[in-house]
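Participant: when you get a sec, could you give me coordinates for this:
(one chain, ligands or ions: 2)
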Amino acid sequence: MAGIRLIERAKDHGDAPAIASRGARHSYSDLLSLSARVGAALLDGRPDLRGERVAFLIPGSAEHAAVQWGAWRAGGIAVPLSLAATEPEIEHVLTDAEVGVALAPRRLIGRVGPLCERLGIRRLAVEAALGANPAALPGISTDRPAMILYTSGTTSRPKGVVTTHANIEAQITSLVEAWAWQGEDRIPLFLPLHHVHGIVNVLSCALWSGAFVEAFESFDQEAILKRVGEKAYTIFMAVPTIYVKLIQALESAMPEDRQRWAAGFAHMRLMISGSAALPVSIHEKWTELTGQTLLERYGMTEIGMALSNPLSGERRPGAVGQALPGVDVRLVAESGDLIGTENEAGEIQVRGPAVFAEYWKKPAVTKESFVDGWFRTGDVAVLEDGYYRILGRQSVDIIKTGGHKLSALEIEEVLRQHPAIQECAVVGVKDEIWGDTVAVAAVTREGASLDLAGLQAWARERLSRHKIPRGLKLVSDLPRNALGKVTKPAVRELFERV
Ligand code: MLC
Ligand code: AMP
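Facilitator: Ligands and ions are numbered 1, 2, ... in the order given. Okay, here's the model as predicted:
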């Protein structure tokens, strides 16, 4: 049996520092012993969790890594929960994934405890799991499902993307090779740990390599910039919104702070952007301020990373480079014909060992998402002078904001429950900081009134903060085509005209 190599390799890294969080440093040996205890607590006398879903709501920390590894070592499927999620959103994940046990630190247990009680799910405090007595752990073959990540898309509620241990290993090894991860690397981790960007690109690649991760519970700009100024890091990964925020911080800083931070960024061996389009102006501004040429790459929850600018060689602004090691990429025209030449746009399709196994309990959706074994990403790109450039998405109902992928349909479904709303259409509107922001055009019920602040306050109970509408237009009817169907590009124009 091959086993989980990410965890087995930790034995070789031994006492090297693995992860620091909340003022404490943990070695690779610590991670092994902590995760063994978590595994034992989860097993609770059973020999193997046999794919039981283990949900956890834990900020980026050594405890998070220990629980993820513990779930895997016990034979469970890890289901990380979003810290920004509201109760109804967490309930959707717990019920859809048929979670058997949920963990959270004591200070956060209130976020899942009452739900677990209502749904009949076992709950476990992280502190108790970390203190359990070790027990025998099962052998885990790499073809077993390892993780379910919830992703929004063209279905109204988020769906679960199932990856196996072998998928995750392929995602990690591709990036370790392409970006030359080394044991000497030091990286800050501030991205949420319910997405591949934080989980695979940052945390798992670092731990695979014997590198050191400094974890923050969220993007704490002040604390991170302080450490950057101390030249604490060799490598840095973020979404474009974060680079926009960092540019604002550098530009508004006192000269000595700006100089120290810029020197700290210049000192790094590699800085990467991804999860959303990096505007050329931001790419160039970053180089002007820090001397660093950002490496932009493209990926997706279902496939890990697929395309990347090179570590050595031209990092072209506005482009996402070429296929990563072990990843097959092709472009396909709307007609279904393969695109064999440059400068012709088509859908990106991806094949390889990193591609996910299935959507959880959605065989029909899984089937539709593949053609001849190639995964259809729904993103459109063109090959120009040997590099891919992303043009956009096929569906107007997918919004990318601050690096989070959202479904317009999911937000519409929630907003339609508002007592004043008769009908509505949600779109993504271009925004300098967030990439897209959520905006809604609504028809109100007769006699009802609605304003943006009131709608936002109502939505905050139901939707994560990045899904809350930032723009509202009241209309007497939504723009429609001749068949009476709402036309989203025309809805978007309502906002862009202002
Ligand atoms: C938050 N705010 C927003 C917003 N999100 N406003 C508009 N649009 C949004 N999307 C508002 C909040 O309501 C709040 O307002 C204020 O901004 C600060 O909120 P915050 O959440 O504290 O912001 P911040 O901590 O700065 O978070 C921004 C962020 C975060 C960019 C750091 O969103 C983030 O970590 N994003 C990364 C997501 C990610 O990892 N994606 C990868 C997916 S995997 P107020 O008024 O209350 O102050 C993937 C595959 C791949 O895509 O290729 O990697
Ligand atoms: P997610 O499903 O959250 O993993 O988001 C994946 C989506 O993010 C992709 O399908 C793309 O639409 C988008 N994306 C990721 N990286 C990039 C990039 N470098 N440029 C443009 N879009 C990107």
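
Participant: quick check, pLDDT for the spatially most central residue of the chain.
Facilitator: Centroid-nearest residue in the chain: H195, 2.5 Å away (criterion: Cα atoms, centre = their mean). pLDDT, H195: 98.

Participant: and the stretch 301-450 of the chain, which residues reach ligand 2?
Facilitator: T301, V320, T377, D379, I390, R393, K400, K405 (Cβ under 6 Å from any ligand atom). Quick note: C-beta positions are derived from backbone N, CA and C, even for glycine.

Participant: circling back: now the residue nearest to the centre of the chain: how far from ligand 2?
Facilitator: Distance of H195 to ligand 2, given as Cβ to the nearest ligand atom, to the nearest Å: 6 Å.

Participant: what residues are up against that residue?
Facilitator: With contact taken as Cβ atoms under 8 Å, 6 or more residues apart in numbering, H195 is in contact with L149, S275, T301, G403, H404.

Participant: that older thread, in TSV: the residues of the stretch 301-450 of the chain next to ligand 2, plus neighbour count and pLDDT.
Facilitator: Formatted as TSV, those follow (neighbours: other Cβ atoms under 10 Å; pLDDT from 0 to 100):
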residue	neighbour count	pLDDT
T301	22	98
V320	26	98
T377	22	97
D379	22	97
I390	19	98
R393	19	94
K400	19	96
K405	19	96
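
Participant: got those residues as TSV, with secondary structure columns?
Facilitator: As requested, those are exported to TSV (DSSP: H, G, I helix; E, B strand; the rest coil):
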residue	secondary structure
T301	coil
V320	coil
T377	strand
D379	strand
I390	strand
R393	strand
K400	strand
K405	strand
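
Participant: go back to the contacts of H195 and keep what's next to ligand 1.
Facilitator: Restricting the contacts of H195 to those near ligand 1 by Cβ under 6 Å from any ligand atom leaves S275, T301, G403, H404.

Participant: out of those residues, which is nearest to T86?
Facilitator: T86 has its nearest neighbour among the ones next to ligand 1 among the contacts of H195 in H404, at 14.0 Å by Cβ to Cβ.

Participant: that closest one: neighbour count?
Facilitator: Using other Cβ atoms under 10 Å, H404 has 24 neighbouring residues.

Participant: so it sits against I468, correct?
Facilitator: No - applying Cβ atoms under 8 Å, one finds H404 not in contact with I468, separated by 11.8 Å.

Participant: about what we covered before: what's the most distant pair in the contacts of H195?
Facilitator: Taking Cβ to Cβ, no two of these sit farther apart than L149 and G403, at 14.1 Å.

Participant: for the stretch 1-150 of the chain, which segments count as helices?
Facilitator: Assigned by DSSP state H, counting those that start in this stretch, the stretch 1-150 of the chain shows helices spanning 5-13, 28-43, 62-73, 87-96, 109-119, 126-130.

Participant: got it, and the stretch 201-350 of the chain?
Facilitator: Using DSSP H, counting those that start in this stretch, helices in the stretch 201-350 of the chain cover 205-209, 221-229, 240-251, 255-267, 280-290.

Participant: turn the ones you listed into JSON lines, columns for mean neighbour count.
Facilitator: Below are the helices of the stretch 201-350 of the chain laid out as JSON lines (neighbours: other Cβ atoms under 10 Å):
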{"stretch": "helix 205-209", "mean neighbour count": "24"}
{"stretch": "helix 221-229", "mean neighbour count": "17"}
{"stretch": "helix 240-251", "mean neighbour count": "19"}
{"stretch": "helix 255-267", "mean neighbour count": "16"}
{"stretch": "helix 280-290", "mean neighbour count": "17"}
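
Participant: burial count for E127?
Facilitator: 13.

Participant: what about the nearest residue to it once chain neighbours are set aside, neighbour count?
Facilitator: Distances taken as Cβ to Cβ, 6 or more residues apart in numbering place R106 nearest to E127, at 5.9 Å, with adjacent residues excluded. The number of residues packed near R106 is 11, by other Cβ under 10 Å.

Participant: show the contacting residues for R106.
Facilitator: Contact analysis of R106 by Cβ under 8 Å, 6+ apart lists A125, V126, E127.

Participant: could I get the pLDDT score of it?
Facilitator: 98.

Participant: do the same with S156
Facilitator: What the model reports as pLDDT for S156 is 79.

Participant: before we move on, which element is it in?
Facilitator: Assignment of secondary structure by DSSP states H and E places S156 within no helix or strand.

Participant: what sits against it?
Facilitator: Contacts of S156 (Cβ under 8 Å, 6+ apart): S407, L409, E410, E412, E413.

Participant: alright, calling it a day.
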